[in-house]
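Asker: The sequence and its predicted three-dimensional model are supplied below.
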Amino acid sequence: MSTLYKPFTIFLVALLIFGCKNAEESSESKIKNEIKHAKGLYIITKENYSIVEVSTPWPNANKKYSYILKKKNAVIPAEFNNLPQIQVPVKNIVLTSTTHIPSLEMLGEEKKLIGFPNLKYISSEKVRTLIDAGKVKELGSNQTLNTEVLIDLQPDIIMGYGLDNNNPTLDNLEKNGLKIILNGDWNEQSPLGKAEWIKLFGVLFCKEKQANAIFNTIEKDYNETLKLVKNTKLKPTVFSGSIYEDKWYLPQGESWGAQFITNAKGNYLWSDTKGTGSLSLSFEKVYIKAKEADFWFMDQYNSLAEISEANQHYTEFKAFKTKNIYSFGTKKGKTGGVIYYELAPNRPDLVLKDLVKIFHPELVPNYELFFFEKLK
């Protein structure tokens, strides 16, 4: 699986240029963390501290969370004394979502990870090496974190996320003196918006320049791929998902996944639906609309044989007959974690290029699929 992380090498120059200068450059304080795509993150950098605001830690949140990230001996204005204060650069960190792992790794800070819930879901080879060496503690699950282990670890910061305004575990940890910062990357629907949350990690580790350089590279590559398909007239029809407990689940038209298909000049058959979540439809409704679709995306099965065995009616779709079914679920880390779930939110440039390769292969003839695989 080592080849799966090769695209990280595109950041090597940025790492070399910016990676060693943070401790010695006073110019770091002059960086403006301009957030261009993320809707739920705001960062403003002052001379020795930054103000971070997370406005959408969960869907329809009506509360904003603000934090002061301060360097040693920084003088903070009295008006911010009521806000949680975190000293940076943090020496160690606990994460709670696999989508946080790539930002840590791209910044070269994966060794600072000391705890994570459900370690088996982590795919990063570098982090798995740390896990195997006993450097990262198992913390249970996100909603029931092992409080005793965390209090014993005493991490500089716990990066959490919430499904709603009810997370008693994080509240309890905060009451015990531990520092919590919420990450709302999963609420972003813009592909570049999700990836831009690397800038939060940049502030935490005093690597703002490096985080900005990495994101700018991703943004540039994404936009260059958009230019490749700008004048493409052909838009193949696309659908996704499969039956689960008698319902067919597929993305709503304004969702993150649907945006990728549209941006790659595919015609997602449910692109006109409102919302950013999932549709729940009957098999019949999907079949009527998608039986002649050109492409089918799923992650539940690993081969055409598995699909036909699961439901013989699947074989009646044109995409099955023409063998145009693609999955991101076949590429996994060594303990079974799906690499797409961990890395795709951080690397939308690779997702988009995969889809362009599938829909319009003539535009990227030398590119090999990174996340997706054609089922056989």
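Answerer: Received it, and whenever you're ready, just let me know what you need.
Asker: Show me the domain layout of this structure.
Answerer: The chain breaks down into these structural domains: 2-13+26-222, 228-374 (assignment by automatic domain parsing).
Asker: Looking at the first one now, give me its mean pLDDT.
Answerer: Right, the one you point to is domain 2-13+26-222. For domain 2-13+26-222, mean pLDDT is 89.
Asker: so can I have CSV of the domains of the chain showing mean neighbour count?
Answerer: The way it works is simple: take the backbone N, C-alpha and C, and place the C-beta from them, glycine included. Formatted as CSV, the domains of the chain follow (neighbours: other C-beta atoms under 10 Å):
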stretch, mean neighbour count
domain 2-13+26-222, 18
domain 228-374, 17
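Asker: Please enumerate the strands of the stretch 1-150 of the chain.
Answerer: Shown for the stretch 1-150 of the chain, the strands assigned by DSSP state E, counting those that start in this stretch span residues 41-45, 49-54, 65-70, 85-87, 93-95, 113-116, 137-138, 140-141, 144-145.
Asker: Return the list of helices and strands in contact with the fourth one.
Answerer: Applying 3 or more C-beta pairs under 8 Å, 6 or more residues apart in numbering; DSSP states H and E, we find strand 85-87 packed against strand 65-70.
Asker: Kindly export the strand it packs on (C-alpha atoms) in CSV.
Answerer: Provided in CSV are the C-alpha atoms of strand 65-70 (Å, rounded to 0.1, in the frame of the first residue of the first chain):
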residue,chain,number,x,y,z
TYR,A,65,-16.6,28.4,19.5
SER,A,66,-13.6,30.8,19.7
TYR,A,67,-10.1,30.0,20.9
ILE,A,68,-6.9,31.9,21.6
LEU,A,69,-3.8,30.1,20.4
LYS,A,70,-0.8,31.9,22.0
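Asker: Quickly run through the sheet partners of that strand, with directions.
Answerer: strand 49-54 (antiparallel), strand 85-87 (parallel) (DSSP bridges).
Asker: can I get the CA coordinates of the first one in PDB?
Answerer: Taking C-alpha atoms only, strand 49-54 is exported to PDB below (Å, rounded to 0.1, in the frame of the first residue of the first chain):
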ATOM      1  CA  TYR A  49      -1.200  34.800  19.100                       C
ATOM      2  CA  SER A  50      -4.100  33.800  16.800                       C
ATOM      3  CA  ILE A  51      -7.800  34.000  17.200                       C
ATOM      4  CA  VAL A  52      -9.600  30.900  15.800                       C
ATOM      5  CA  GLU A  53     -13.400  30.700  15.400                       C
ATOM      6  CA  VAL A  54     -15.200  27.500  14.600                       C
END
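Asker: which residues are contacting that strand?
Answerer: Applying C-beta atoms under 8 Å, 6 or more residues apart in numbering, the external contacts of strand 49-54 come out as 33, 40-44, 64-71, 74, 76, 80, 88, 181-184, 200, 203.
Asker: Can you check what angle separates that strand from strand 41-45?
Answerer: 170 degrees (axes from the mean of the first three to the mean of the last three C-alpha atoms, to 10 degrees).
Asker: Pull the distance from strand 49-54 to the chain's centre.
Answerer: Here the centre of strand 49-54 is set off from its chain's centre by 21 Å, with C-alpha atoms, centre = their mean, to the nearest Å.
Asker: And for the last one?
Answerer: For strand 85-87, the gap between its own C-alpha mean and the chain's C-alpha mean amounts to 25 Å (C-alpha atoms, centre = their mean).
Asker: can you list contacts of that strand?
Answerer: Contacts for strand 85-87 (C-beta under 8 Å, 6+ apart): 67, 68, 69, 70, 71, 72, 76, 156, 157, 179, 181, 204.
Asker: How about the fifth one: what's its closest non-neighbour residue?
Answerer: Nearest residue to residue 71 in three dimensions, chain neighbours excluded: residue 48, at 4.6 Å (C-beta to C-beta, 6 or more residues apart in numbering).
Asker: how about that neighbour, what does it touch?
Answerer: 29, 70, 71, 73, 74, 75.
Asker: Would you mind putting these into TSV with distance to residue 311 alongside?
Answerer: What follows is the contacts of residue 48, written out as TSV (distance: C-beta to C-beta, whole Å):
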residue	distance to residue 311
29	59
70	57
71	58
73	64
74	60
75	65
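Asker: Tell me the one of those nearest residue 364?
Answerer: Ranked by distance to residue 364 (C-beta to C-beta), those are led by residue 29 at 41.0 Å.
Asker: and residue 249, what helix or strand is that in?
Answerer: Per DSSP states H and E, residue 249 falls inside strand 247-251.
Asker: Neighbouring strands - and their directions - for that strand?
Answerer: strand 242-244 (antiparallel), strand 278-281 (antiparallel).
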